[in-house]
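Asker: Sequence isn't available, so here's the structure alone:
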């Protein structure tokens, strides 16, 4: 099931003009022209990774795609640059009108079944209380604004650190990708409630230790719905060193290939701002530290990791820094 996000852009800037001492009155300032919101386009001819990468480097939001096309949301300037590169842009029908306003901090009408940070915490605590031997809720640190970074462990003997393969699921690095929180919560709920009744789930829980990070970016997720409408916020809420912009893209703040290959921005105002250095965001640094703590006798216990995203309805492989079918150390059979 796909969900179209709606971007609501408001321009409230007024330029103050200095009044010369010799003048009785200054002419009123001319209002700034309204900003044209991004529009949705289908871009055909996207049948190779090099061309797709060219489109992505323009900073557009990818809504979806197929074998030979992408659907993107682009500003007029981005659209002009794409056309100048020889690409065709086919306008898509306008998206649905913005949902009605609700109370600040609540999901808009039509999305009320989604979990806020508060309701997510409450449901996880409820699952842990109902399944105390299989589910434990803790935290691996605090966000930039001080929220506990939730961590869920699922095992048949959850209070014991067993010598078993460990699996990590993480969700919501990007604030506006609320659907991923529901995915991680579904994993916790299904494993907890299926243990002892579903043979396959029971065997999984008995043979592994399963970890879930259901909301890796709680500050951004809460900010995205803070007005009762979607702000389409992507980053965390950490001030930049200059305090001129807010937020780092957590998914561009890891150390591997940091700031490489045109896949992120050094501009703090950009949605893909990679931060001042690898792990400069508290959310990524503390998750790194917790993952490193799972090294026992020199061996990393986490043997598999899935990080869920939802915005573009794409399956991406193997890594974002290469257009090859496989990355270093991999082959087509793996």
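Answerer: Structure's in. What do you need? Everything quoted here is computed from the prediction, not taken from an experiment.

Asker: Next up, the contacts around residue 269.
Answerer: Contacts for residue 269 (CB atoms under 8 Å, 6 or more residues apart in numbering) come out as 244, 245. C-beta: built from backbone N, CA, C; applies to glycine.

Asker: Relative to residue 240, how far out is it?
Answerer: 9 Å (CB to CB, to the nearest Å).

Asker: what's the answer for residue 207, then?
Answerer: From residue 207 to residue 240 the distance is 45 Å (CB to CB).

Asker: and those two? which has more neighbours close in?
Answerer: residue 240 (17 against 12; other CB atoms under 10 Å).

Asker: Quick check: closest non-adjacent residue to the more buried one.
Answerer: residue 268 (4.1 Å; CB to CB, 6 or more residues apart in numbering).

Asker: How many neighbouring residues does that neighbour have?
Answerer: 20.

Asker: And for residue 230?
Answerer: When neighbours are counted by other CB under 10 Å, residue 230 registers 20.

Asker: just residue 312 next, same as before
Answerer: 17.

Asker: ok, for it, nearest residue in space, not its chain neighbours?
Answerer: residue 62 is the one closest to residue 312 (CB to CB, 6+ apart), at 4.1 Å.

Asker: Thought residue 78 was touching that neighbour, still the case?
Answerer: No. Between residue 62 and residue 78 there is no contact under CB atoms under 8 Å: 12.0 Å.

Asker: Helix or strand next in line after the host helix or strand of residue 118, which one?
Answerer: In the assignment (DSSP states H and E), residue 118 maps to helix 117-130. Using DSSP H and E, the next helix or strand after helix 117-130 towards the C-terminus is strand 135-142.

Asker: Who are the packing partners of that next one?
Answerer: Counting contacts by 3 or more CB pairs under 8 Å, 6 or more residues apart in numbering; DSSP states H and E, strand 135-142 packs against helix 117-130, strand 148-154, helix 282-292.

Asker: OK, contacts around residue 250?
Answerer: 173, 174, 216, 217, 235, 236, 281, 283, 284.

Asker: Now it. Its backbone dihedrals?
Answerer: Backbone torsions of residue 250, given as degrees, to the nearest 10, read phi -60, psi -30.

Asker: Let me know the secondary structure of the spatially closest residue to it that is not a sequence neighbour.
Answerer: Spatial nearest neighbour of residue 250, chain neighbours left out: residue 173 (4.5 Å); criterion: CB to CB, 6+ apart. Here residue 173 is coil, with the state taken from DSSP: H, G, I helix; E, B strand; the rest coil.

Asker: Would you agree residue 173 is in contact with residue 216?
Answerer: Yes. At 4.8 Å, residue 173 counts as touching residue 216 under the criterion of CB under 8 Å.

Asker: Below-threshold pLDDT in the protein: ranges please.
Answerer: 1-37, 94-101, 318, 331-334 (pLDDT under 70).

Asker: just the strands in it please.
Answerer: All strands of the chain, identified by DSSP state E, fall at 39-44, 61-65, 69-74, 90-91, 135-142, 148-154, 166-171, 209-213, 295-296, 299-300, 302-308.

Asker: okay, those in CSV with mean neighbour count and distance to residue 275 next?
Answerer: Converted to CSV, the strands of the chain look like this (neighbours: other CB atoms under 10 Å; distance: least, CB to CB, whole Å):
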stretch, mean neighbour count, distance to residue 275
strand 39-44, 19, 29
strand 61-65, 19, 20
strand 69-74, 21, 24
strand 90-91, 10, 35
strand 135-142, 17, 16
strand 148-154, 21, 17
strand 166-171, 22, 18
strand 209-213, 23, 19
strand 295-296, 11, 25
strand 299-300, 10, 24
strand 302-308, 14, 18
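
Asker: Make a markdown table from these and add distance to residue 231 to it.
Answerer: Listed next are the strands of the chain as a markdown table, based on distance: least, CB to CB, whole Å:
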| stretch | distance to residue 231 |
| --- | --- |
| strand 39-44 | 18 |
| strand 61-65 | 14 |
| strand 69-74 | 15 |
| strand 90-91 | 25 |
| strand 135-142 | 22 |
| strand 148-154 | 21 |
| strand 166-171 | 19 |
| strand 209-213 | 23 |
| strand 295-296 | 38 |
| strand 299-300 | 37 |
| strand 302-308 | 21 |
